[in-house]
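J.: How does the following fold in three dimensions:
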Amino acid sequence: PGVCRGGEPLSRAQIVFILAITAGVTLVSFFGPKEEKVITTEILEEHFKQTAFLAFAITAWVFLVVFCTTQHLPFAALKRCR
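T.: Sure, this is the predicted structure:
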């Protein structure tokens, strides 16, 4: 039986990664900024127009599109694409 009586047991590496992510989120939550900021539409527009965000968003979008389209191809067709 797996975790919480599921059908798929977790490997040691998966458990380590789950613990690392949980620890990271906990540390960021604990040591992060405590003051509340008022975020307006103008502030969001400024952030979204910055080069770093645009580069991240475009890269993430391209990766998502490529990943989603290649996951639905039959295996034989995927070999021909390479």
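
J.: Any chance of the backbone angles for Leu10?
T.: phi -90, psi 140 (degrees, to the nearest 10).

J.: how close does it sit to Val16?
T.: From Leu10 over to Val16 the distance is 10 Å, taken as CB to CB, to the nearest Å. Every C-beta, even on glycine, is put in place using the N, C-alpha and C of the backbone.

J.: now swap in Leu64 and tell me
T.: For Leu64, the distance to Val16 - CB to CB - is 27 Å.

J.: Same question for Pro9.
T.: Applying CB to CB, the value for Pro9 to Val16 is 14 Å.

J.: Next: Phe53.
T.: Applying CB to CB to Phe53 and Val16 gives a distance of 31 Å.

J.: Helices of this structure, start to end?
T.: 12-31, 41-48, 51-71, 75-81 (DSSP state H).

J.: could I get the ones you listed as JSON lines with mean neighbour count and mean pLDDT?
T.: Listed next are the helices of the chain as JSON lines, based on neighbours: other CB atoms under 10 Å; pLDDT from 0 to 100:
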{"stretch": "helix 12-31", "mean neighbour count": "10", "mean pLDDT": "92"}
{"stretch": "helix 41-48", "mean neighbour count": "10", "mean pLDDT": "90"}
{"stretch": "helix 51-71", "mean neighbour count": "10", "mean pLDDT": "88"}
{"stretch": "helix 75-81", "mean neighbour count": "8", "mean pLDDT": "59"}
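
J.: what's around Leu10, how many residues?
T.: The burial count assigned to Leu10 is 13, neighbours taken as other CB atoms under 10 Å.

J.: can you pull the pLDDT of it?
T.: pLDDT, Leu10: 80.

J.: Could you number the chain from 47 rather than 1 from now on?
T.: Sure thing, new numbering starts at 47, so read that last one as Leu56.

J.: quick one: Met112 from Ala101, how far?
T.: That one is not Met; residue 112 is Val. In terms of CB to CB, Val112 sits 17 Å off from Ala101.

J.: cool, and Gly70?
T.: Gly70 is 23 Å from Ala101, by CB to CB.

J.: same thing with His93?
T.: As judged by CB to CB, His93 and Ala101 stand 13 Å apart.
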